[in-house]
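*Asks:* Using only what follows, build the 3D model:
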Amino acid sequence: MPKYARVLLDESGGRAFDYAVPAAAAVAVGSRVRVPVRTRAVLGTVIALSDTTDAQGIREISEIVSDEPAFSPELIALAEWVANYYCCPLEAALRSEEHTSELQSRQYLVCRLLLEKK
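*Replies:* Down below sits the predicted model:
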């Protein structure tokens, strides 16, 4: 089980930070988490897992917000490519994918419901 998670904080301008994964937590790439930043807790997305880190003063993830990851590893890789290609923050690229995946899941649900009616 990985010891550290790289977390992209919401509204951080694309900066990611390393946090320790709690022993009993099941964190996956794409999971939404709440992490401590100074005196407050901030939402973020796990973009990578690792057994080592070079960062000092690592703090632990406070809370795993959802059981299911919000993004697949493939969507995160796509967002990284988009961010590099279009010179935008990774956070902005992930936000655009979040709405796309939400629309796709709604379209899938509507199609499934229509097929069941036939």
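*Asks:* which stretch of helix or strand covers the residue positioned nearest the centre of the chain?
*Replies:* By Cα atoms, centre = their mean, the chain has its centre lying nearest to residue 45, at 2.6 Å. Element membership for residue 45 (DSSP states H and E) is strand 40-50.
*Asks:* Repeat that for residue 28.
*Replies:* Using DSSP H and E, no helix or strand contains residue 28.
*Asks:* And residue 93, by the same measure?
*Replies:* Under the assignment here (DSSP H and E), residue 93 is part of helix 90-117.
*Asks:* next one: residue 79
*Replies:* helix 73-85.
*Asks:* Give the buried residues for that helix.
*Replies:* Across helix 73-85, burial judged by 16 or more other Cβ atoms under 10 Å covers 75, 76, 78, 79, 82, 83. To be clear about C-beta, it is placed using only N, CA and C from the backbone, and glycine gets the same treatment.
*Asks:* Same question for stretch 18-26.
*Replies:* 18, 19, 21.
*Asks:* what do you get for stretch 31-44?
*Replies:* For stretch 31-44, by 16+ other Cβ under 10 Å, it's 31, 32, 33, 34, 35, 42, 44.
*Asks:* List the contacts of stretch 74-90.
*Replies:* The contact list for stretch 74-90, computed with Cβ atoms under 8 Å, 6 or more residues apart in numbering, reads 8, 13-14, 16, 29-30, 45, 47, 71, 92-94, 96-97, 101.
*Asks:* Greatest separation within the residues you listed: which pair is it?
*Replies:* Using Cβ to Cβ, those span at most 22.7 Å, a distance reached by 13 and 101.
*Asks:* Settle it for me: which of those two has more neighbours?
*Replies:* For residue 13 versus residue 101, neighbours defined as other Cβ atoms under 10 Å are more numerous around residue 101 (14 against 9).
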